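A.B. asks: heads up, no residue letters with this:
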């Protein structure tokens, strides 16, 4: 069948060229539409259940929220294990699912179990799902600063929470924009217990009065001048005076008692669980853009940056958005490095082919086939949703050297057959000789490439993080070799009759080949004469390498010089926010003095997101 396919391809060149052209265009489209990232996503399929219960201690949170949720989710389908963390007023539960589980299927299962367990939780407690993102979803970070002094930290945080956050969350591919740092503005009521006692008013009456006074109600309609008017009572609190003038009741003489009579009302910050600092110059408000699961990281970052440029004119006077972390730089540099290395490999392979064949037109056959096989390999990659990253493109780099072997052997055998044909007096047609030469080696070449193709199949048996790291490499290497084998028995037979023309120089007339044969022949003669000693020497050398091998270090993946460092020292538990702010400022100020450092974005504590359970004693500084 292989021999027949070679003959049909050689005699129907136009059909082969059209099919290859269609596949090449399809491959180029797949290449430009494949998701780009620096490294494969090694994170597990996890769903986060985040619950707030303000003012409650960690042991109460654990007993009444975390434990019931964890025990409920353990029974969910495809769940590997469930982890829970309890903090002051916060509960984090992580449900880790089996590899290959669809993220949104997992989220729907968790929602089902949450509906069942909600009745067991305390009144007023509502668990929420974290964003549909993975552990590497923090793709872009920024700081909101005001060097003019027009806006304080409370104003910056309010603008971040009520304006900027929603603008950026509207960007396609963004799952969440988390806020960190600054002050969350609150209306605070400091009640004097002695005054409450004097007026005989319980504390719960103050809470109830504030809640009831902050409302907007609808009434009926009235008709005036042939026009219908809707009635409503507007009672939303808009100032401190509105709270101060809220009536709690009356004293013994019927005089109304207002909140201002029993409490001090003022603006103040919420309890701080996260602080952000920039370049050692002082506090700022930070934002973390979390990418949605399965999105193209590079495109999401580009869309976010475009949106920021669009909204810059809408920022209040003095406010400025400063980029503190941008993964697109790493992605572009990683892809550019691989692109350069792939280009270098193709050039080197092409030069070697030209030098050894000593026939430029013949060398064009493997030179043309190589990029076509690489491009077509992106078609199944794009269908499978594999990202173009260091590992997946590395698989192509590994395969390049072997991919051209088939074309070289085919061209070399065609040269030899034409040499014999010349000596025999050209009794057959040139095309018949070429087709026979291709059929001689076509079958063994095709199956040898398939053997190399399946050599990476054991990698597909890997699971967990090992599988997620190495499977992209195995996929692309396998795809590249498979398409190289297909092209070897289709495109090569169509190209060789076109390019293998003119005077074919014998191998002995090639000065490079002649020189290498001169060097190799005495070595080969010596090895064949003393073959037992050669084998024994090889075994001794192999044994001698074992002690050296045992001294080699081991690492899960090679170091990646991203250009950004995440510095994560920890402090003693129970550190107050004032001390945390002081330590963060001092640390960033020192780091900013290094001449190589361009930007220092310090964060201590947690951002307002379910993906960040960091306590106030944990520092995460992006350098």
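C.D. replies: Received the coordinates, thanks. Just so it is clear, the structure is predicted and the values come from calculations on it, not from any experiment. Residues are numbered from 1 along each chain as shown.
A.B. asks: Assumed residue 139 was part of a strand.
C.D. replies: Yes - counting by DSSP: H, G, I helix; E, B strand; the rest coil, residue 139 is found in a strand.
A.B. asks: Wait, it touches residue 297, no?
C.D. replies: Yes - in terms of Cβ atoms under 8 Å, residue 139 counts as a neighbour of residue 297; the distance is 5.2 Å. Where C-beta positions appear, they are placed from N, C-alpha and C, glycine not excepted.
A.B. asks: Next one, pLDDT for residue 359 please.
C.D. replies: If you check residue 359, the pLDDT there is 69.
A.B. asks: And the one 3 residues further on, by the same measure?
C.D. replies: Residue 362 carries a pLDDT value of 75.
A.B. asks: Quick check: buried residues in stretch 391-405?
C.D. replies: By neighbour count on 16 or more other Cβ atoms under 10 Å, the buried set for stretch 391-405 is 391-400, 402-405.
A.B. asks: Let me fix that, I meant to ask about stretch 116-130.
C.D. replies: 117, 121, 127, 130.
A.B. asks: Compute the number of surrounding residues for the residue nearest to the second one when sequence neighbours are not counted.
C.D. replies: In other words, residue 121. Nearest non-adjacent residue to residue 121, counting by Cβ to Cβ, 6 or more residues apart in numbering: residue 65, 6.2 Å away. Residue 65: 26 surrounding residues under other Cβ atoms under 10 Å.
A.B. asks: mind showing which ranges of the stretch 251-400 of the chain have poor pLDDT?
C.D. replies: 359 (pLDDT under 70).
A.B. asks: for the stretch 51-200 of the chain, what spans make up the helices?
C.D. replies: 58-61, 67-73, 103-117, 153-159, 165-169, 193-199 (DSSP state H, counting those that start in this stretch).
A.B. asks: Return the most buried member of those helices.
C.D. replies: Across these, averaging neighbours per residue (mean count of other Cβ atoms under 10 Å) puts helix 153-159 on top, at a mean of 21.
A.B. asks: tell me the mean pLDDT for it?
C.D. replies: So the average pLDDT for helix 153-159 ends up being 92.
A.B. asks: Find residues that contact each of residue 139 and residue 297.
C.D. replies: 291, 327, 328 (Cβ atoms under 8 Å, 6 or more residues apart in numbering).
A.B. asks: and stretch 34-48, how far apart are its ends?
C.D. replies: One end of stretch 34-48 sits 28 Å from the other (Cα to Cα, to the nearest Å).
A.B. asks: ditto for stretch 75-94
C.D. replies: End to end - Cα to Cα - stretch 75-94 spans 14 Å.
A.B. asks: Over to stretch 244-253?
C.D. replies: Span of stretch 244-253 from end to end, Cα to Cα: 21 Å.
A.B. asks: Please renumber the chain so that the first residue is 43 from this point on.
C.D. replies: Sounds good: first residue 43 from here, last item stretch 286-295.
A.B. asks: Tell me the buried residues in it?
C.D. replies: Within stretch 286-295, the residues scored as buried using 16+ other Cβ under 10 Å are 286, 288, 290.
A.B. asks: need those residues in CSV with distance to residue 100 and secondary structure, can you?
C.D. replies: Formatted as CSV, the buried residues of stretch 286-295 follow (distance: Cβ to Cβ, whole Å; DSSP: H, G, I helix; E, B strand; the rest coil):
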residue, distance to residue 100, secondary structure
286, 36, helix
288, 34, coil
290, 34, strand
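A.B. asks: Tell me which residues of the strand or helix carrying residue 626 come out buried.
C.D. replies: Remark: residue 626 resides in helix 619-633, with elements defined by DSSP states H and E. Residues of helix 619-633 classed as buried by neighbour count (16+ other Cβ under 10 Å): 619, 622, 623, 625, 626, 627, 629, 630, 631, 633.
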